[in-house]
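Participant: sequence-free structure coming up:
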């Protein structure tokens with residue numbers, strides 16, 4: 001893959017280094033994310049074996065809830081940072097354009113006000129209540145089409161469900177992955 005990106009040519013010649021780096025990261029990030037979540041799904045099943053049987057039974061709703069709980073309990077990143085694209089106000093704080101903002105993803109996904117028992121691995125929480133997009137932010141927040149939420153998030157959950165089905169049926173064929181109001185933990189830092 002690296003060779004393909006490095007050797008890619010268009011009408012202007014070789015791809016510039018910046019777009020090449022972006023394309024490489026677009027391949028690496030989802031690969032690492034799915035590996036991360038599969039490893040931690042295994043950890044969760046080892047640590048809390050009571051979840052094995054409901055997954056074996058083939059209930060897709062439970063499997064999706066389990067995948068979501070893995071993503072909540074073990075978020076892919078501890079925090080995300082970015083610069084304010086425009087002037088905004090948050091909880092009475094005046095934030096000028098260009099201010100560095102840091103979103104505490106781990107803190108958000110382990111907030112007792114939002115999750116009740118955040119340090120308990122409990123997939124049932126996703127069967128009892130479907131959190132809105134700004135409550136549950138394992139891979140960023142907002143709308144995947146316009147903000148910093150991972151556009152591959154739905155694919156990650158679907159792949160986890162697909163792997164569970166394959167494991168249940170005995171199939172060994174693996175498939176590739178490429179097929180704001182609740183942000184209590186936003187930290188503000190001055191721009192350097």
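Facilitator: Thanks, I have the structure now. All of these numbers come straight from a predicted model, not from anything done at the bench. Numbering: from 1, shown residues only.
Participant: Could you use CA atoms for every contact and neighbour count after this?
Facilitator: Noted.
Participant: Surely residue 122 touches residue 70?
Facilitator: No: taking CA atoms under 8 Å as the definition, residue 122 is not a contact partner of residue 70, at 9.2 Å.
Participant: Between those two, which has more neighbouring residues?
Facilitator: Set residue 122 next to residue 70 and count neighbours by other CA atoms under 10 Å: residue 70 wins out with 25 against 16.
Participant: where does the more buried one land in three-state SS?
Facilitator: Here residue 70 is recorded as helix under DSSP: H, G, I helix; E, B strand; the rest coil.
Participant: could you measure the residue lying closest to it once chain neighbours are set aside against residue 109, distance?
Facilitator: Closest residue to residue 70 apart from its sequence neighbours, by CA to CA, 6 or more residues apart in numbering: residue 41 at 6.0 Å. Going from residue 41 to residue 109 by CA to CA, to the nearest Å gives 17 Å.
Participant: Give me the more crowded residue out of the two.
Facilitator: residue 109 (25 against 19).
Participant: Could you check the pLDDT of that one?
Facilitator: Residue 109 is assigned a predicted lDDT (pLDDT) of 92.
Participant: What of residue 71?
Facilitator: With respect to pLDDT, residue 71 scores 90.
Participant: cool, residue 127 as well?
Facilitator: pLDDT, residue 127: 96.
Participant: which intervals of the chain have sub-threshold pLDDT?
Facilitator: Within the chain, the segments meeting pLDDT under 70 span 1-2, 6, 139-192.
Participant: At which residues are the helices of it located?
Facilitator: 2-6, 17-47, 52-56, 60-73, 105-109, 112-115, 125-128, 153-169 (DSSP state H).
Participant: Distance from the longest one to the middle of the chain?
Facilitator: In this case it means helix 17-47. 10 Å (CA atoms, centre = their mean, to the nearest Å).
Participant: List the buried residues of it.
Facilitator: By 16 or more other CA atoms under 10 Å, the buried positions in helix 17-47 come out as 20, 24, 30, 33-34, 37-38, 40-41, 44.
Participant: just these now: which is nearest residue 62?
Facilitator: Taking CA to CA as the measure, residue 62 sits nearest to residue 41 out of the buried residues of helix 17-47, at 13.6 Å.
Participant: Perfect, I'm done here.
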